[in-house]
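> Test case, fold it:
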Amino acid sequence: MRLIDDDFMAAVFEDRTCAEFLLQIILKRDDLTVKEVHGQYSIKNLQGRSIRLDILAVDQKNRAYNIEVQRSDRGASEKRARYNSSLLDANLTDAGNDYDALNETYVIFITENDVLKAGLPIYHVERTVQETGTVFNDQAHIVYASSM
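You can find the predicted model right below:
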């Protein structure tokens, strides 16, 4: 077994300390402290379509991290990242909360190959305002990390 194998990765990173270490490396942050982690966490949308997150972690500041291990390039598509991000938003907030109460979220794909094909080991995807080039600070982040 290799760490890129879904079942092995889920078992290893279900440990809070291991998940914290992984996130600190990928996000290049030493101030991140994971307070809870859940492996194989299921979320349903209102239409009944469900997803199973490989790992869902939450840190001390209530930022949510969805870590997905993908050996298949097809399983790490841009639209899947968008869908996972939307379900995190929809399911981690309570009815009646202000939009400002939305958790900051990270959808992280750890892939066997460089699925974005620019020759980089890691990609941090952020929305920007095209006319100004400034970051659109919605606090929804997508990260691709290649295991190559």
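> What's the biggest helix in the protein, counting residues?
helix 78-91 (DSSP state H).
> looking only at pLDDT, what's the mean for the following helix or strand past that helix?
Counting by DSSP states H and E, the next helix or strand C-terminal to helix 78-91 is strand 105-111. Strand 105-111 shows a mean pLDDT of 94 in the predicted model.
> before we move on, the earlier item: and the contacts of the longest helix of the chain?
Helix 78-91 is contacted by residues 43, 45, 51, 53, 64, 66, 68, 102-103, 105, 107, 109, 125, 140, 142 when judged by CB atoms under 8 Å, 6 or more residues apart in numbering. (Each C-beta comes from the backbone N, C-alpha and C, glycine too.)
> any idea how far the lowest-mean-pLDDT helix or strand in the chain is from the chain center?
Ranked by mean pLDDT, DSSP states H and E, the weakest helix or strand in the chain is helix 6-12, scoring a mean of 76. From the chain centre to the centre of helix 6-12 is a distance of 16 Å (CA atoms, centre = their mean, to the nearest Å).
> Contacts for it, please.
By CB under 8 Å, 6+ apart, helix 6-12 touches 1-3, 18, 39-40, 54-55, 69, 71, 110.
> Dump the residues you listed to a markdown table, plus secondary structure and neighbour count.
Formatted as a markdown table, these follow (DSSP: H, G, I helix; E, B strand; the rest coil; neighbours: other CB atoms under 10 Å):
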| residue | secondary structure | neighbour count |
| --- | --- | --- |
| 1 | coil | 9 |
| 2 | coil | 9 |
| 3 | coil | 12 |
| 18 | helix | 16 |
| 39 | strand | 20 |
| 40 | strand | 14 |
| 54 | strand | 21 |
| 55 | strand | 25 |
| 69 | strand | 23 |
| 71 | coil | 15 |
| 110 | strand | 24 |
